[in-house]
Each structure stands twice: as structure tokens, then as C-alpha cells.
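J.: compute the structure for the input listed below.
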Amino acid sequence: MSSTGSESAQRLFFALWPDDPVRSMLDQAGKELLGKRIKRVPPANLHITLAFAGSVMTPVRHCLETAADTIRAPAFDLTINHVGHWPGPRITWIGPRQVPAGLWSLVEVLRNTFDECGLQRETRAYLPHVTLARKTSKPCTATHIDPVPWSIRHFSLVESVTDPQGARYQVLKTWPLEMES
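T.: Reported below is the predicted structural model:
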């Protein structure tokens, strides 16, 4: 991007980005829950949003990256074992039945970076989830999935790009979480 005033905003969020084996298990859970009749989120887009920044310009992106560079948070394990549906936005999702303290802590630290960078802090309660499908008219009848174990060892800054095929996500930068010694 240039600094000539013609730069465009980027739609950014912090996320837990699964590795290929976890992504495959999340996608399989979606197939088993929703079958072939419902258009699911593409496997490449499966993730857990930690904090959504929205459309930001380059200086805010740099502020978010600089703030994230200073985060020292512990790694943790997560188990995706719960099925949910939000009727308003018509989203079917899966997430953890028990949210580990490390996840709550990481979300709070990231929300604090929004304050530091002049962004609006999310006021809704945080509910970690992986969106499986949008525009689902009714909840899926299944309430059980095979648990998906996910070792969280890093978090990422991701850009959402919308094109005629829909949204696609690009990981811009990833930061490690601290392993216990």
C-alpha cells in the first residue's frame, strides 16, 4: 500500500488459526452435522475469532501488530465438543463446552490492544466458536460431535477479503503463545 492517500482499509481480526489436521477434523464435523444439502463454510475459512477489528487503515494495523508483539500469554488446549445455532444471523457453529482460562485471558488482552489503538471494544459477551454454515434456516438436529482436540500454540492477525466468490481469509502475521517450562 502506498502512503499517497489512496490506500484502502483492510478488514482485520485476530483469530485462532487451525493447522491442517485440526482443520480437517473441524470440516469433518461440519460434514457429519450438516450433510451435503447445506452450503458450509469452506474448510480454508474455518477458525475461531478472538477479536474483530473491522475495517482499519495501515496505521491502526501497525498499532495492532506492535501491541500483539508484546503479548505474553500461555499456550492452552481446547476441545471443540458443542453444537450451537444462532437464529437471528442463522449461523450453525461448533465450539468448546468448557472455555479454558487461557482463552479468556488472550481475548481480554487482545481487546485491550483495541483500546490502545483507538478502536471500539467489543461489548458483546465473547463466545468462542467455529462457524460451519451461514443462512441456515433451522438448527441442526444433532447435538453431539466427536470431540476435536486443538492445542493452541499461537494466534494470528487475519484479513478478510470479499470477492465475487465470497469471503476468503489471509493470515498476515502469527505470534507464538508461551509454553510452560
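
J.: against which helices or strands is the worst-scoring helix or strand of the chain on mean pLDDT packed?
T.: Ranking every helix and strand in the chain by mean pLDDT, DSSP states H and E puts strand 82-86 at the bottom, with a mean of 91. Applying 3 or more Cβ pairs under 8 Å, 6 or more residues apart in numbering; DSSP states H and E, one finds that strand 82-86 contacts strand 91-95. (C-beta placed from N, C-alpha, C; glycine too.)

J.: what lines up beside the strand it packs on in the sheet?
T.: With DSSP bridges as the test, strand 91-95 is paired with strand 82-86 (antiparallel), strand 130-134 (antiparallel).

J.: including mean neighbour count and distance to Met179, could those go into CSV?
T.: Below are those laid out as CSV (neighbours: other Cβ atoms under 10 Å; distance: least, Cβ to Cβ, whole Å):
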stretch, mean neighbour count, distance to Met179
strand 82-86, 16, 27
strand 130-134, 21, 24
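
J.: all helices of the chain, in order?
T.: 20-34, 58-69, 101-116 (DSSP state H).

J.: buried ones in the shortest one, by neighbour count?
T.: When neighbours are counted by 16 or more other Cβ atoms under 10 Å, the buried residues of helix 58-69 are found to be 60-61, 63-65, 67-68.

J.: now render those residues as CSV, adding pLDDT.
T.: CSV is the format used below for these (pLDDT from 0 to 100):
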residue, pLDDT
Val60, 97
Arg61, 97
Cys63, 97
Leu64, 97
Glu65, 97
Ala67, 96
Ala68, 97
